[in-house]
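Trainee: Sequence and predicted structure, then a few things I'm wondering about:
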Amino acid sequence: MNILVINSGSSSIKYQLFKMPVKSPVCSGLVERIGIEGSFIKHSVYKGEEKVVLEKSGFILDHAEGLKQVLFLLSEGENAVIASPDDIAAVGHRVVHGGEHFSGPTLITPEVKEEIRKLFSLAPLHNPVNLKCIEVAEETFSQAKQVAIFDTAFHQTIPQQAFRYAIPDQYYNKEGIRVYGFHGTSHKYVSEQAIQYLDKKESKIISIHLGNGCSMTAIKDGKSVDTTMGFGPLSGLVMGTRSGDIDPSVIFHLIEHSGYSLSQLSTLFNKQSGLLGVGGSSDMRDIRKLVNEGNEAAILAIQLYAYRIKKFIGAYAAVLNGIDAILFTAGVGENDKDMRAAVCSELSYLGIEMDIQSNSDYSGGIKDISLDNSKVKILVIPTNEEYEIAQQCYNLWN
Ligand SMILES: Nc1ncnc2c1ncn2[C@@H]1O[C@H](COP(=O)(O)OP(=O)(O)O)[C@@H](O)[C@H]1O
Ligand SMILES: CC(=O)OP(=O)(O)O
Ligand SMILES: [Mg+2]
């Protein structure tokens, strides 16, 4: 069964084509830096032991344009992996916000699309592009089943004391205002990998997903019990362009004293803050270059970024009453050894002790980068949201 998975993030599209139930993909790829200078596509086709990599650069304005270029790569030329669009049985879509409606894989109908649309304002960087990718896929693969897998689903196990805000009941009961949590597919995948690796079903894990969006989840015995993102994917950690936690008084102040409108506020906190707002770029690789040149704004940006993660490690150690393992994953978590080292520095009181050499040598796969005597394991685990999505789609029919 051919399942194409489309994972549209705020600044990228990742995709993989699986011949399920086989875990390794037929092809995979990445459209990066969508809407910012230096956009590129990297498309890899796996032919037995051989891997053919096609790279294409040139500005890509939006997700629809990026996806159309990907669809062309799948079916044209000598490296085509499908003969016709009808070869795809199902398309699995990552959808970021599912509100309270969706807790499992969901066949996409006009009603489901309407629900995704209703949540646009709560996930303005994501649900609109997720829906756009669904529409492009429906047009292109008209015979395929379209399935949505929601980032919010894994967090349905969070208890009320963690998912409710301390505001009057009616805002929860009538308007659904609560913590939903995001990156659930990634937190689920990496925590399951860790539980397998540690061979420890009863476990206290802190999963740290550092991509363009960033979030942490406290996971007890495989279940999410708290997470840093909330009603929308804006709270918690410092991110590429999002501020993370901010006192709502700042919002009142900007409205009252600077005349900010709703859309200006949304743009400020969603698109102009985080690494971009403080350090000058949303991309950690650019920030690292600036840091190496001694740029003070960039240095401050990574300090804020690391400090916030550290603070939540402390909070979740308390929530879980101990930690067996912390997991680093996603673009920054997997690739930025200096960030991992900064986060884990001076946490020996909590039993977190990194093997600096092992951290520096990390080059892929699941790896324990803690010292032998560290009470807490520090694991780097590459996320694979696409495989997790393909598996959940496959389970719908098998
Ligand atoms: N080698 C690297 N060093 C530091 N950061 C990196 C590296 N490679 C990728 N990243 C960062 O990872 C982030 C993107 O992560 P990713 O998980 O792909 O995000 P998303 O899925 O939200 O688009 C960017 O900030 C990028 O700079
Ligand atoms: C939910 C979220 O922030 O996703 P991403 O990291 O892909 O932007
Ligand atoms: Mg992502």
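Mentor: Cool, the structure landed. Numbering: from 1, shown residues only. Ligands and ions are numbered 1, 2, ... in the order given.

Trainee: Next, find the distance separating Val238 from Gly274.
Mentor: Computed as Cβ to Cβ, to the nearest Å, the Val238 to Gly274 distance reads 5 Å. All C-beta atoms are positioned from the backbone trio N, CA, C, and that covers glycine.

Trainee: who touches both of these two?
Mentor: Gly244 (Cβ atoms under 8 Å, 6 or more residues apart in numbering).

Trainee: what kind of secondary structure is Phe328 in?
Mentor: strand (DSSP: H, G, I helix; E, B strand; the rest coil).

Trainee: okay but it is in contact with Ile378, surely?
Mentor: Yes. Using Cβ atoms under 8 Å, Phe328 is in contact with Ile378, at 7.4 Å.

Trainee: what about those two, which has more around it?
Mentor: Between Phe328 and Ile378, counting by other Cβ atoms under 10 Å, Phe328 is the more crowded of the two (30 against 25).

Trainee: ok now do that one, which residues does it touch?
Mentor: By Cβ under 8 Å, 6+ apart, the neighbours of Phe328 are Ile208, Leu210, Glu334, Arg340, Val343, Ile378, Leu379, Val380, Ile381.

Trainee: My read is that His183 contacts Leu210, right?
Mentor: No. Counting by Cβ under 8 Å, His183 sits too far from Leu210 to count as a contact (10.0 Å).

Trainee: Spit out the residues that contact those two alike.
Mentor: In contact with both His183 and Leu210: Ala330, using Cβ under 8 Å, 6+ apart.

Trainee: In the longest helix along the chain, which residues are buried?
Mentor: When the chain is parsed with DSSP state H, its longest helix is helix 296-320. Neighbour counts using 16 or more other Cβ atoms under 10 Å place 298, 301-302, 304-306, 308-310, 312-313, 316-317, 319-320 of helix 296-320 among the buried residues.

Trainee: Could you export stretch 244-260 as PDB, CA atoms only?
Mentor: What follows is stretch 244-260, C-alpha atoms only, in PDB (Å, rounded to 0.1, in the frame of the first residue of the first chain):
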ATOM      1  CA  GLY A 244       6.900  31.500  23.600                       C
ATOM      2  CA  ASP A 245       5.700  32.500  27.000                       C
ATOM      3  CA  ILE A 246       4.900  36.100  27.500                       C
ATOM      4  CA  ASP A 247       2.900  37.900  30.200                       C
ATOM      5  CA  PRO A 248      -0.500  38.900  28.800                       C
ATOM      6  CA  SER A 249       0.100  42.300  30.400                       C
ATOM      7  CA  VAL A 250       2.500  43.100  27.500                       C
ATOM      8  CA  ILE A 251      -0.500  42.700  25.100                       C
ATOM      9  CA  PHE A 252      -2.700  45.000  27.200                       C
ATOM     10  CA  HIS A 253       0.100  47.500  27.200                       C
ATOM     11  CA  LEU A 254       0.700  47.400  23.500                       C
ATOM     12  CA  ILE A 255      -3.000  47.900  22.800                       C
ATOM     13  CA  GLU A 256      -3.500  50.700  25.300                       C
ATOM     14  CA  HIS A 257      -0.300  52.600  24.800                       C
ATOM     15  CA  SER A 258       0.800  51.800  21.300                       C
ATOM     16  CA  GLY A 259      -2.600  51.300  19.600                       C
ATOM     17  CA  TYR A 260      -1.800  47.800  18.300                       C
END
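
Trainee: any residues touching that stretch, and which ones?
Mentor: Outside stretch 244-260, the residues touching it (Cβ under 8 Å, 6+ apart) are Cys214, Thr228, Leu234, Ser235, Gly236, Leu237, Val238, Leu265, Leu268, Phe269, Gly274, Arg308.

Trainee: all helices for the stretch 1-150 of the chain, in order.
Mentor: 63-75, 110-118, 127-140 (DSSP state H, counting those that start in this stretch).

Trainee: Check the stretch 151-300 of the chain too.
Mentor: Ranges of helices in the stretch 151-300 of the chain, per DSSP H, counting those that start in this stretch, are 160-163, 169-173, 184-198, 248-258, 262-271, 274-279, 284-292, 296-320.

Trainee: Just tell me which of the ones you listed ends up closest to ligand 3.
Mentor: helix 184-198 (6.9 Å; Cβ to the ion).
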